[in-house]
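J.: Model the structure of this input:
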Amino acid sequence: MTFLNLPAPDWAALVGGDESAEAWLAARGRKLAKAAESVPTIFITARELEAAGALFRCTPEVLTRFPHAARFYLDLLALSPKTLDKITGQVGEYEFSVKPETIANNLGCGRTVNSHDIRAFARFVNDQIAAVLPVDSRTFDVAVGTVLIVHGARVQGSVQNEAGNDAVLLLKTLLVAAMSERGHSVEVSRDFEKWEDVESARARGIEALSLPHLRFGEWLTCEFTPGGNRPDIRIAIDGVLVASGEIKGRKDLANLWESWMPQIAGHFRTWTMEAPDAPRLFFGTIVTKEMISGHTEGGTQHAGLKTLKSSGLLSAAYNLSLIASGDSSGTAEFTALVDQLSDLISDRASSGSKA
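T.: Have a look, this model is predicted:
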C-alpha cells in the first residue's frame with residue numbers, strides 16, 4: 001500500500017545549493033582545527049618512542065607507557081580500520097578479543113585493555129613492520145611523515161563525514177520546524193524505547209537533534225541510522241515504512257559519477273526490491289544540472305536523477321539548501337511532503353489511540 005502521493009520533481013527549481021566559498025572555508029577550518037589538535041600529539045609520541053628505542057619496535061610496556069603509541073603504529077603501517085578489516089584473516093592468528101582499531105582507541109582514551117590483547121597487538125605490529133617497512137626507510141623523518149600522511153587522509157574523511165552529518169542535522173531541523181508549525185508534538189529517542197519531548201531534552205543539556213530517532217504526533221517516526229545499505233532516513237507511521245531516503249551533504253562533486261551517484265542508484269534499487277510501495281527520496285545540499293540530466297560536460301551519459309525517476313527508482317528529490325534559505329520554488333515540494341506526512345499522523349490518530 002502506498003501512503004504518499006508525491007508530486008514529480010520540479011527539476012529547474014531543484015538546481016542550486018551550497019557551493020559557496022563559505023562552505024569550503026568551513027571545511028578548511030575543520031581540517032585546521034583537527035590538525036592543531038592532533039599533530040602535536042603525533043610529534044610528542046614519535047619523540048617518546050624514538051627516545052625509548054621503540055620507533056620501529058613495539059612492546060607491551062611501550063603500549064601501556066605511551067597511550068598514543070598504538071595509534072602511531074597503526075598509522076605508521078597505513079592500517080586504517082577498513083584495511084584492518086580486509087586482513088582479518090591474518091589478524092585472526094593473533095587471537096585478539098577485540099579489533100586492533102578498538103585496542104588503539106581504548107589505549108588512547110586511557111581505558112583498560114587486557115594484557116593478552118596488548119601482547120597480541122605488539123606481536124602483530126612487529127610482524128607488520130618486519131614485513132612491509134624496509135630497514136633503510138626506518139628513520140624518524142619517514143616515520144613521522146608517514147603517520148602525518150595517513151592521519152591527514154583520516155582527517156579528510158572525517159571532515160567529509162561531518163559535512164554529511166550537517167545535512168542530516170539540517171533535514172532534522174527542517175522537519176521539526178515544519179511539524180511544530182502543524183501542531184504536532186516532537187520527541188527524540190536513542191533507541192525507540194524511551195521518548196522525550198525535544199524541548200525537555202534540550203533543557204537537560206542534551207543535543208536533542210543529535211539523537212538518531214524523531215517522533216512526531218506520537219505516530220510518525222523518522223530513523224536516522226545509516227550504514228551499509230540502510231537508508232539515511234526511514235519514515236514510518238505506527239511502525240509501517242512509508243518512505244526511505246538518501247541524504248547527501250557532500251559539496252565536492254569531484255567523484256560524483258565514480259562514487260556517490262552510483263551509490264545512490266544502487267541503494268534505490270535495493271530499497272525498491274525490499275519495499276516497493278514506500279517512496280524513495282533524495283535530499284541533497286547541492287543539486288546541479290549535471291546531476292539531474294546525467295550528461296557531463298565531456299559528453300558522457302550517466303544515470304542522473306531524471307533517469308532514476310523515469311525508471312521508478314526515485315520518487316522525489318529535495319534541495320535542503322534551498323529549503324533552508326526559504327527559496328519559494330525550492331520549498332513547494334518539501335511542503336507537499338510534510339503536509340502529507342502531517343495528514344498521515346492526523347488520520348492515524350483519529351483511527352484509534354495507542355495501546
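
J.: so what are the domain limits for this protein?
T.: Under the assignment automatic domain parsing, the domains of the chain span 11-19+162-350, 25-154.

J.: Please identify the deepest-packed of the ones you listed.
T.: When you average the neighbours per residue for each of those (mean count of other CB atoms under 10 Å), domain 11-19+162-350 leads with a mean of 17. Every residue, glycine included, has its C-beta placed from N, CA and C.

J.: longest strand in this structure, by residue count?
T.: Scanning the chain for the strand with the most residues, using DSSP state E, yields strand 240-248.

J.: and that strand, which strands flank it?
T.: Partner strands for strand 240-248, per DSSP bridges, with pairing direction: strand 233-237 (antiparallel), strand 280-284 (parallel).

J.: Need the ones you listed in TSV (columns: mean pLDDT and distance to Glu333).
T.: Formatted as TSV, those follow (pLDDT from 0 to 100; distance: least, CB to CB, whole Å):
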stretch	mean pLDDT	distance to Glu333
strand 233-237	96	15
strand 280-284	94	10
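
J.: so can I have CSV of the ones you listed showing distance to Asp117?
T.: Formatted as CSV, the strands paired with strand 240-248 follow (distance: least, CB to CB, whole Å):
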stretch, distance to Asp117
strand 233-237, 36
strand 280-284, 41
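
J.: now for these, which one comes closest to Ala46?
T.: Ala46 lies closest to strand 280-284 among the strands paired with strand 240-248, at 41.2 Å (CB to CB).

J.: Kindly state the pLDDT recorded for the nearest residue to Ile286 once chain neighbours are set aside?
T.: Among residues not flanking Ile286 along the chain, Gly17 sits closest, at 3.2 Å (CB to CB, 6 or more residues apart in numbering). Gly17 carries a pLDDT value of 74.

J.: go on, Asp75?
T.: 94.

J.: Next: Leu170.
T.: 85.

J.: Kindly report the same for Leu256.
T.: pLDDT, read off for Leu256, is 69.

J.: Also Trp219?
T.: Looking at Trp219, its pLDDT stands at 94.

J.: thinking again about what came up before, got TSV for the domains of the chain, with distance to Asn5 too?
T.: Formatted as TSV, the domains of the chain follow (distance: least, CB to CB, whole Å):
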stretch	distance to Asn5
domain 11-19+162-350	7
domain 25-154	38
